[in-house]
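Q: What follows is a predicted protein model with its sequence.
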Amino acid sequence: MSERLVPTPAGVARTTTTDPTGRACGTLVVGHGAGGLRWTDDVTAVRDAAVAAGWRVVLVDQPWRVAGKRVGPGPAVLDPAWLAVLGTVRREGLLVVGGRSAGARVACRTAASVGAAAVLALSFPLHPPSHPERTRAAELAAPAAVGIPVHVVQGRTDPFGTPVEVRAVLPSPGSLTEVPGPHSLERSAAEVAAAVGSWLARLVETACPAAE
């Protein structure tokens with residue numbers, strides 16, 4: 001595991017990279033949510049499962065979190081910082097971008113710009129709690145508009161959008177896994193990691209054939 005500080009238009013970001021044993025099948029870059037100063041258990045479980053499956057995983061701390069702030073800014077700040085970091089990431093194999101909550105929104109908005117093969121959205125915040133009219137369906141649909149599949153892992157009782165709500169607006173190519181829990185998926189970390197591992201395996205069936 002290695003850390004690197006990366007200058008961006010919003011300040012210094014940080015990447016934490018974990019490499020698999022041997023050559024990587026692909027590169028998974030993951031961003032965090034809008035609050036908190038630590039990586040949640042569901043994200044670290046996904047990282048560990050992906051690395052064990054042969055993926056290079058890069059966790060990205062946005063500049064506001066590196067600076068110790070507790071609440072993140074909006075897209076006008078987040079997206080340019082994310083793009084600056086992605087420009088420095090060493091890629092191996094397929095590039096999958098993703099994130100948790102607000103980080104998933106960033107990944108969806110910028111997937112086409114970074115040449116991603118797919119997007120992973122953990123707890124996609126489809127709308128603010130109790131305000132379904134303030135939908136972010138357009139962000140979720142943006143990758144599909146250019147043929148990039150999105151896989152969503154959503155808690156069954158998520159107040160930011162239930163699996164039923166998300167599935168109703170998730171265009172093809174796209175898929176969804178429903179797991180127990182609300183917006184926080186830490187208690188379902190094992191289920192989240194298993195779902196993501198299966199999805200990643202399907203992505204690389206042809207790119208990483210089993211050794212004979």
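A: Ah, there it is.
Q: would residue 98 count as being in a helix?
A: No: counting by DSSP: H, G, I helix; E, B strand; the rest coil, residue 98 falls outside a helix, being strand.
Q: And for it, nearest residue in space, chain neighbours not counted?
A: residue 120 (3.0 Å; CB to CB, 6 or more residues apart in numbering). Quick note: C-beta positions are derived from backbone N, CA and C, even for glycine.
Q: beta partners of the one you found?
A: Taking DSSP bridges as the rule, residue 120 bridges to residue 98, residue 151.
Q: could you list every residue that touches it?
A: The contact partners of residue 120, taken as CB atoms under 8 Å, 6 or more residues apart in numbering, are 28, 30, 46, 96-99, 104, 107, 150-151, 153, 196, 199.
Q: any idea how far it is from residue 182?
A: 19 Å (CB to CB, to the nearest Å).
Q: Please apply the same query to residue 137.
A: Remark: distance between residue 137 and residue 182 (CB to CB) = 20 Å.
Q: Give the residue spans of this structure that score low on pLDDT.
A: The chain contains residues with pLDDT under 70 at 206-212.
Q: redo that, cut-off 90
A: Applying pLDDT under 90 to the chain flags the ranges 1, 22-23, 35-38, 70-71, 172, 203-212.
Q: Identify the residues contacting residue 65.
A: Counted by CB under 8 Å, 6+ apart, residue 65 has contacts 32, 37, 72.
Q: again, only this time at 7 Å
A: 32, 37 (CB atoms under 7 Å, 6 or more residues apart in numbering).
Q: That one and residue 72, how far apart?
A: According to CB to CB, residue 65 and residue 72 sit 7 Å apart.
Q: which parts of the longest helix along the chain are buried?
A: In the chain, assigned by DSSP state H, the helix with the most residues is helix 189-203. Using 16 or more other CB atoms under 10 Å as the test for burial, helix 189-203 gives 189, 191-197, 199-200, 203.
Q: what do you get for stretch 110-124?
A: Residues of stretch 110-124 classed as buried by neighbour count (16+ other CB under 10 Å): 110-111, 114, 116-124.
Q: Save these as a markdown table, and put in secondary structure and distance to residue 57 too.
A: Shown next, in a markdown table, are the buried residues of stretch 110-124 (DSSP: H, G, I helix; E, B strand; the rest coil; distance: CB to CB, whole Å):
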| residue | secondary structure | distance to residue 57 |
| --- | --- | --- |
| 110 | helix | 18 |
| 111 | helix | 17 |
| 114 | helix | 16 |
| 116 | coil | 15 |
| 117 | coil | 15 |
| 118 | strand | 14 |
| 119 | strand | 15 |
| 120 | strand | 11 |
| 121 | strand | 16 |
| 122 | strand | 13 |
| 123 | coil | 18 |
| 124 | coil | 20 |
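Q: mind putting the residues you listed in TSV, distance to residue 20 included?
A: Formatted as TSV, the buried residues of stretch 110-124 follow (distance: CB to CB, whole Å):
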residue	distance to residue 20
110	25
111	23
114	21
116	19
117	18
118	18
119	21
120	17
121	23
122	20
123	25
124	27
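Q: Not counting stretch 128-137 itself, show me its contacts.
A: If you take CB under 7 Å, 6+ apart as the criterion, stretch 128-137 is touched by 105, 125-127, 159-160, 169.
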